[in-house]
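[1] Requesting a structural model of the entry that follows:
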Amino acid sequence: MKHEWEFDGVVRLTKVGTAYILSTVVLAIAAVNTGNNALYIGVAFMLGCLLLSGMASKGGLKQLELEIAGFDEAWAGRVADGHLRIRNRSRLWAVRDVILVSDAFANAVLVPLVPRRGEVAVEIPFLFPRRGLARVSAIDSYTRYPFGFVLKKRRLRVSSEVVVLPRILEDGERSEIFAPASGDHSSSNRSGPGTEIHAFREFARGDSLRHVHWKKSASLGRWIMKQTAVETSRSVHVVVDPYQSVRTSDDDFEEMITAAATFVYHAVRNGLDVTLSLPRISVRAREGETSGPLMRALALLEPSAEPVVQLLERDSIVFSMAAPGGSQAIVDRTMRDRHAGEAS
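    Below is the predicted model of the structure:
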């Protein structure tokens, strides 16, 4: 959103400044016509004030330095608080009424005073429209200090990055297009860790090596974990296929990621053990843990131009754009994985 007082350039006269300059010109003409020394003194005073205003505003903004100290957790489409430090290196000028504007801000921020040779900390509302790695590289500063004759602008360079987590759909926004394909969330009456192998999945960070299925891992060349029936009753395996064909748009892909993130977010909140499988990485959130690592993995997922084959469990929930005529499909399991699972 662009405010009416924003402009391209360095200096813009305000209404007060325009009236002041016109008054100065009229007074100067009167002084020349009448030869009145008092009018000459008045014109000199007015011109001096105009010069002082320009020097103060330019000198103040020129000495400002900005540093983004950090962000709170940032979600796409939600306001996230960031922390900004403003330093004034000037020995002469304190800067007042500085307005900071950036495309990454939810709205403009007014800083009442930055003292000379001083520093202030400001809380900034950031708003990022899309997930992923967002970079903030420039912030525009405006001020009318000291007399309001001109609006001075200076672009301040900053360097900061933040991982923006995927958008989470609200209850009224959820779409059934991306409903989970399958899954078993029923409780089990059996006690203990379980002995019967129910399914296999990829190794994820945090898994114990005691649950590695060594025979299957050796045949596939990567670590494969076994799940018992009791473990599976309170767990869910989510597979996200990043393949994006030429027939699907970037917006469609982002909608699929949003749907997957919404499902994972609510599954973790409901106390399920969630394993998220992506190409080359699997992330797991155990019961009672937060969904942060899973959301971060989804935030950094980029579309793939080539189909990706991923290992599925019997009850895997898959989000994909690969199915013709639809926006969700189960990624085919390789024949080797299927035969190995049946043999086990």
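
[2] Could you pull out the helices in this structure for me?
    Using DSSP state H, the helices of the chain run over 15-34, 37-62, 214-220, 229-233, 250-269, 292-299, 335-343.

[3] which strands and helices sit next to the fifth one?
    Contacts of helix 250-269 with other secondary structure elements, assessed using 3 or more Cβ pairs under 8 Å, 6 or more residues apart in numbering; DSSP states H and E, are made with strand 235-240, strand 273-278, helix 292-299, strand 317-319. For the C-beta atoms, the positions are set from N, CA and C on the backbone; glycine is no exception.

[4] Please work out the angle formed by the directions of it and strand 235-240.
    Helix 250-269 and strand 235-240 meet at an angle of 170 degrees, taking axes from the mean of the first three to the mean of the last three Cα atoms, to 10 degrees as the criterion.

[5] again, but for the second one
    With the same axes, to 10 degrees as the basis, helix 37-62 and strand 235-240 are set at 120 degrees to each other.

[6] what packs against helix 37-62?
    Helix 37-62 packs on helix 15-34, strand 95-101, strand 132-143, strand 150-164, going by 3+ Cβ pairs under 8 Å, 6+ apart.

[7] can you do 7 Å?
    The contact analysis (3 or more Cβ pairs under 7 Å, 6 or more residues apart in numbering; DSSP states H and E) places helix 37-62 against helix 15-34, strand 132-143, strand 150-164.

[8] so can I have TSV of the ones you listed showing mean neighbour count and mean pLDDT?
    As requested, the helices and strands packed on helix 37-62 are arranged in TSV below (neighbours: other Cβ atoms under 10 Å; pLDDT from 0 to 100):
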stretch	mean neighbour count	mean pLDDT
helix 15-34	14	91
strand 132-143	18	93
strand 150-164	17	91
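
[9] Please convert those to CSV, extending it with distance to residue 43.
    Shown next, in CSV, are the helices and strands packed on helix 37-62 (distance: least, Cβ to Cβ, whole Å):
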stretch, distance to residue 43
helix 15-34, 5
strand 132-143, 26
strand 150-164, 19
